[in-house]
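Got a sequence here, can you build the structure:
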Amino acid sequence: MIYYIGSACVGVVFFVGICYWAVTLFVKQCTERTFAQFRRQVAGEAELALKLFREGMCEQIVLQENKSDCLAKLYATLIDLLQLGKDFTSGLGKRDLEMASRKIQSIREMCDLFAATFQKQSLHFSDELCTTLASFVDEQKRVVQFVEANWNLTHKDPAENEKREAAIRQSWVRFEDHITSAMETLRTEFRGRQPAGNFMMKWLKEIGGQGAGSPSE
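The predicted model follows:
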């Protein structure tokens, strides 16, 4: 009797041991599979997040580069406009009507170029910069219209022609202040977006003095 009871106990213990081993093995395998799936899922999510981050960074870099290029183009246009205005006003007393007419046409084209570039890229600019440049575009349009209208008014009296030329010259000299102010605004905006050693910053520093030249006499 005792033999049978002992055998039964041993069998129960052995069965419990087998069950425990089987359950432990099953749990271990499930845990390993779950952990492996979790690792693959985390790795996939991390890779996707890194890819999205890189794409976002590339997009931001391209956007910043495009905006910086646009600011540089606007600045260069103002330099050309300033020089054209100086050439035009300095030649008013020389009575070279054909040359003066060509200068006025070049001034208008340069103003149109500035306005078109600004309108095309204005969505990428801050509200403050857009307000400043929009005001400048309106002012340049007004000045060009004034210059063209007065230039087309010819008088037989030389004194009247001199008054007309003086009015044109005075109007442009005042406009030069707006040009230099717009150039300074663009320099400030560009400076905030470029590292100190950037070659574009060196270019702006080199030509900055040209844009701040003395007004036409």
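
show me where this structure has helices.
Listed in chain order, the helices of the chain (DSSP state H) span residues 2-90, 97-121, 127-151, 158-191, 199-211.

Now do the buried residues in stretch 137-148.
Within stretch 137-148, the residues that qualify as buried are 137, 140, 143-144, 147, counting by 16 or more other CB atoms under 10 Å. Every C-beta, even on glycine, is put in place using the N, C-alpha and C of the backbone.

Give me the contacts around it.
When contacts are defined by CB atoms under 8 Å, 6 or more residues apart in numbering, stretch 137-148 is touched by residues 81, 104, 107-108, 111, 114-115, 118, 168, 171-172, 175, 178.

are any of those residues buried, and which?
Taking 16+ other CB under 10 Å as the criterion, what is buried in the contacts of stretch 137-148 is 81, 104, 107-108, 111, 114-115, 118, 168, 171-172, 175.

hmm, which two among the contacts of stretch 137-148 are most spread apart?
Taking CB to CB as the measure, the contacts of stretch 137-148 reach their widest spread between F118 and I168, a distance of 25.0 Å.

Show me the two of the buried residues of stretch 137-148 that sit farthest apart.
Considering CB to CB, no two members of those lie farther apart than V137 and V147, which are separated by 15.8 Å.

what about S122, how many neighbours?
As a burial measure, the neighbour count of S122 was computed by other CB atoms under 10 Å and equals 15.

and it, how far is that from R39?
Applying CB to CB, to the nearest Å, one obtains 49 Å for the distance of S122 from R39.

and if you look at A116?
Taking CB to CB as the measure, A116 falls 55 Å from R39.

Test my guess that F136 contacts A182.
Yes: F136 sits in contact with A182 when judged by CB atoms under 8 Å, with a separation of 4.6 Å.

For R108, which non-adjacent residue is spatially closest?
Excluding the flanking residues, the one nearest R108 by CB to CB, 6 or more residues apart in numbering is V144, at 5.4 Å.

Quick check: phi and psi at S126.
Dihedral angles of S126 (phi, psi; degrees, to the nearest 10) stand at phi -70, psi 160.

quick one: pLDDT of it?
According to the prediction, S126 has pLDDT 81.
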